[in-house]
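Peer 1: Structural data only, the sequence is not supplied:
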């Protein structure tokens, strides 16, 4: 929590006026640090049945393969955020089809909205957070080198509805809860 | 932003180390206030084709009708959060069916995940944030007294898929973007 100047906030737990839960309140400056789960947006993006994956160049899980995904920023819609992440991580211009899944990782207070998407053109390149980007046919997906469990979930869920037009979004598989 | 003791943080805009965007950094205590969109979870909950609405007792829009919905809390899954909100606002025990819609209000950095749900039993009562709770048949919904545009969207989207098992979640109607 320390910043580059070595300062740090001094949080105490207190219930702010009008609230019904304890929050972190800085005893130095009085700031109430309302914390809520964060949204990750990403996509299973394809080009002619091949799936776009990015090999991470940053921690956590540097060197492992992931979907283009990241934190939604203020004033961004989830669709715009998912497109931005594909652009940033794979220099990829994508078209969103529909919601594939909503996963939640309550331990780290994260909700992931993953879309089914297609590349607009066959041009991809590693962005600053990727060592390498690649289009994988299904039978070459590097299953043992995936970065996170939810990457595995999203790929398998994508496969289940590969020919479906209308479907309800998936949520965590049972073993992942 | 002032707290009950009259203190206030003194935020400056700065790019924290390892980041690529300006964030708010308190010049008093050094705290980096990472802000991301917040998730609202809620439900269109029914009992025998009647729809549960809550008349708000708090601002904004006190006195107007809304769906049971509110901010997702840390370490909560969206489904659990939607159930908690129905319990808090309408003393209602609900069963989640599936995702009805994902709306986004980028102006206020809010993403709403709205479920289709049913009451487990015909027992509802106003919680502390509701003046009144009621089950409305479709033709008695108080359209001109709804609290927020997304309540209107969710009710109409619910109606569109009333007999559908599988459907993709709705997003904002075009005029709402």
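Peer 2: Done, it's in. Quick caveat, the model's predicted, so the values are computed rather than measured.
Peer 1: Which is the succeeding secondary structure element to the longest strand that chain A contains?
Peer 2: Assignment by DSSP state E gives strand A:94-105 as the longest strand of chain A. Next along the chain after strand A:94-105, taking DSSP states H and E as the criterion, comes strand A:110-119.
Peer 1: is the helix or strand just after that next one up against chain B anywhere?
Peer 2: Counting by DSSP H and E, the next helix or strand C-terminal to strand A:110-119 is strand A:130-136. No - using CB under 8 Å from any CB of the partner chain, strand A:130-136 stays clear of chain B, coming no nearer than 14.4 Å. Yep, even glycine has a C-beta here, placed from its N, CA and C like the rest.
Peer 1: right, is the very next helix or strand once past strand A:130-136 up against chain B?
Peer 2: Next helix or strand after strand A:130-136 toward the C-terminus (DSSP H and E): helix A:149-160. No - judged by CB under 8 Å from any CB, helix A:149-160 stays clear of chain B, getting no closer than 12.4 Å.
Peer 1: Could you do stretch A:38-56 as well?
Peer 2: Yes - taking CB under 8 Å from any CB as the criterion, stretch A:38-56 and chain B are in contact, through A:38-39.
Peer 1: in that stretch, what counts as buried?
Peer 2: Buried positions in stretch A:38-56, judged by neighbour count with 16 or more other CB atoms under 10 Å in any protein chain shown: A:38-47, A:50-56.
Peer 1: Tell me the strands beside the worst-scoring helix or strand of chain A on mean pLDDT, with direction?
Peer 2: Scoring the helices and strands of chain A by mean pLDDT, DSSP states H and E places strand A:32-33 at the bottom, with a mean of 80. As defined by DSSP bridges, the strand partners of strand A:32-33 come to strand A:23-26 (antiparallel).
Peer 1: and the partner strand, average pLDDT?
Peer 2: Mean pLDDT, strand A:23-26: 85.
Peer 1: contacting residues for residue A:84?
Peer 2: A:73, A:76 (CB atoms under 8 Å, 6 or more residues apart in numbering or on different chains).
Peer 1: Quick check: it is in a strand.
Peer 2: No - assessed by DSSP: H, G, I helix; E, B strand; the rest coil, residue A:84 does not belong to a strand; its assignment is helix.
Peer 1: buried ones in stretch A:152-172?
Peer 2: Here stretch A:152-172 shows A:153-155, A:157-158, A:161, A:167-172 as buried, counting by 16+ other CB under 10 Å.
Peer 1: What is the neighbour count of residue A:31?
Peer 2: Residues contacting residue A:31 under the criterion other CB atoms under 10 Å in any protein chain shown number 26.
Peer 1: Measure how buried the nearest residue in space to it that is not next to it in sequence is and give me the count.
Peer 2: In this structure, residue A:31 finds its nearest non-sequential neighbour in residue B:9, 3.9 Å apart by CB to CB, 6 or more residues apart in numbering or on different chains. Residues near residue B:9, counting by other CB under 10 Å, number 23.
Peer 1: So which of the buried residues of stretch A:152-172 is the closest to residue A:101?
Peer 2: residue A:170 (4.0 Å; CB to CB).
Peer 1: what stretches of chain A score poorly on pLDDT?
Peer 2: A:1-8, A:18, A:175-177 (pLDDT under 70).
Peer 1: Please parse it into its domains.
Peer 2: Domain assignment for chain A, taken from automatic domain parsing, gives A:1-35, A:38-167.
Peer 1: related to what we said a few turns ago, any idea how far the longest strand of chain A is from the chain center?
Peer 2: 10 Å (CA atoms, centre = their mean, to the nearest Å).
Peer 1: before we move on, what about stretch A:86-95?
Peer 2: The answer for stretch A:86-95 is 14 Å, by CA atoms, centre = their mean.
Peer 1: And that stretch, what's buried?
Peer 2: Taking 16+ other CB under 10 Å as the basis for neighbour counts, the residues of stretch A:86-95 that come out buried are A:86, A:88-90, A:92, A:94.
Peer 1: Then stretch A:14-29?
Peer 2: Buried residues in stretch A:14-29, counted by 16+ other CB under 10 Å: A:25-26, A:28-29.
Peer 1: Which one of those residues is nearest to residue A:126?
Peer 2: residue A:26 (39.7 Å).
Peer 1: how about the nearest residue to that closest one, chain neighbours excluded?
Peer 2: residue A:9 is the one closest to residue A:26 (CB to CB, 6+ apart), at 4.4 Å.
Peer 1: Check whether that neighbour really touches residue B:31, as I assumed.
Peer 2: Yes - contact criterion CB atoms under 8 Å: residue A:9 and residue B:31 qualify, at 3.9 Å.
Peer 1: Overlap of the contact sets of the two?
Peer 2: In contact with both residue A:9 and residue B:31: A:1, A:26, A:29, A:31, A:33, using CB under 8 Å, 6+ apart.
Peer 1: ok, back up a step: the longest strand of chain A to helix A:149-160, inter-axis angle?
Peer 2: Counting by axes from the mean of the first three to the mean of the last three CA atoms, to 10 degrees, strand A:94-105 points 130 degrees away from the direction of helix A:149-160.
Peer 1: and residue A:55, backbone torsions?
Peer 2: phi -90, psi 120 (degrees, to the nearest 10).
Peer 1: Would you confirm that it contacts residue A:65?
Peer 2: Yes - taking contacts as CB under 8 Å, residue A:55 lies within contact range of residue A:65: 5.4 Å.
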